[in-house]
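J.: starting from these lines, generate the structure:
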Amino acid sequence: LTTRFEGDPVALSDSLWQSLSGLKANAAEIPVALAAFEPAKHTVVVAFLLDAQISAGVIPDTRQTFEYVRSFLHDADEEQVKAAPVQVSAVCKWFAQTAIEDGQQARLRSARPLLSALTKLRPSAETLTPV
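T.: This next block holds a predicted model:
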């Protein structure tokens, strides 16, 4: 799938939108699927997988997912983030809420990745968010 859309994150995002219900239906398998993708290279795919997993409410290990998302937000490719702003925003919301619920240390650890994601989501220097 990713090689078919190599260099065209918007087309990949459009294709994944059409597969979203299938992704949610198989949310229990997403942690295994995530291991096959590099967040920096496959940002759109990872964002869709994480969003499907989160929206389906299937998170087998919250701490492990939190750490994965923390790394993902930092490593995500800016161009690809802009191709999947709804999914990246949903992942950020989950990440922030989880940090709030997990206490001060988690909140402190979440600030830098959230700032990185927010910076990548910005459509221009004059706009804070695309949403």
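
J.: only C-alpha atoms from now on, for both contacts and neighbour counts.
T.: Fine.

J.: next, work out how far apart the spatially most central residue of the chain and Phe95 are.
T.: The centroid of the chain falls nearest to Ala47 when counting by Cα atoms, centre = their mean (3.2 Å). Ala47 sits 12 Å away from Phe95, going by Cα to Cα, to the nearest Å.

J.: any residues in contact with both of those two?
T.: Counting by Cα atoms under 8 Å, 6 or more residues apart in numbering, Ala47 and Phe95 have no common neighbour.

J.: wait, isn't the residue nearest to the centre of the chain in contact with Ala83?
T.: No: using Cα atoms under 8 Å, Ala47 makes no contact with Ala83, being 10.1 Å away.

J.: now for this structure, the helix or strand with the poorest mean pLDDT.
T.: helix 9-18 (a mean of 56; mean pLDDT, DSSP states H and E).

J.: element containing Tyr92?
T.: Careful, residue 92 is Cys and not Tyr. In the assignment (DSSP states H and E), Cys92 maps to helix 85-102.

J.: C-terminal to that helix, what's the next element?
T.: helix 104-121.

J.: for that following helix, buried residues please.
T.: Residues 106-107, 110, 113-114, 117-118, 120-121 are the ones in helix 104-121 that count as buried (16 or more other Cα atoms under 10 Å).

J.: for the residues you listed, which one is nearest Pro60?
T.: Ala106 (18.5 Å; Cα to Cα).

J.: OK, contacts around the nearest residue to the closest one once chain neighbours are set aside?
T.: Nearest non-adjacent residue to Ala106, counting by Cα to Cα, 6 or more residues apart in numbering: Ala99, 4.8 Å away. By Cα under 8 Å, 6+ apart, the residues touching Ala99 are 106-107, 110.
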